[in-house]
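> sequence first, predicted model second:
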Amino acid sequence: MGSGYIARRLQGNVAWIVTTDISPYAVLKVKEANVDVLRTDLLAGICGAFDLILFNPPYLPTQPDERIADWLEYALDGGPTGREVITRFAGQAGSVLKEQGRILLVISSLTGQKEVERLFEHRGFTGQIVKETEIEGEVLFVYRFRKISP
């Protein structure tokens, strides 16, 4: 669940920050950190054009019989492939991203790098890994995606 940590670190260094989360608990935590936050599902209700979107989605592959009705688990549950939420996001992101805008997306080696790259490529983006780190037997990647210029 989001805590507003990244948004707090960015405050004062950017003109405007919009933070979102679907979890009511995460939204409360972010508000307690004095960060403006909207409770919404991905980009629902968001309009405007952004220079940068940071997204740490639920990316762990989770089978239906592994699911637990808990907000913390919900924050990690990426569906059977780990890409359910990422796929939805990829379909929405282009509508709120400026032409020269960027997306920074966190995924796991368990999520399927090539499949995530293809999700974005099919929607007009090009991507590259800008950071990776190994944690507890998996590798976390930060991808930067940009719209492909015509």
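Happy to help now that I have it.

> quick one, what contacts residue 116?
With contact taken as C-beta atoms under 8 Å, 6 or more residues apart in numbering, residue 116 is in contact with 83, 86, 105, 107, 127, 143. Bear in mind the C-beta positions are built from the backbone N, C-alpha and C, glycine included.

> could I get the phi/psi values of the spatially most central residue of the chain?
Nearest to the mean C-alpha position of the chain, by C-alpha atoms, centre = their mean, lies residue 55 at 2.2 Å. With angles defined as degrees, to the nearest 10, residue 55 sits at phi -140, psi 120.

> what helix or strand does the nearest residue to it once chain neighbours are set aside sit in?
Among residues not flanking residue 55 along the chain, residue 105 sits closest, at 5.1 Å (C-beta to C-beta, 6 or more residues apart in numbering). In this structure, residue 105 sits in strand 97-108 according to DSSP states H and E.

> residue 34 versus residue 144, what's the distance?
28 Å (C-beta to C-beta, to the nearest Å).

> neighbour count for these two, which is higher?
Between residue 144 and residue 34, counting by other C-beta atoms under 10 Å, residue 144 is the more crowded of the two (16 against 10).

> what sits against the residue lying closest to the more buried one once chain neighbours are set aside?
Leaving aside its sequence neighbours, residue 144 sits nearest to residue 130 (C-beta to C-beta, 6+ apart; 4.8 Å). Applying C-beta under 8 Å, 6+ apart to residue 130 gives the contacts 104, 142-144.
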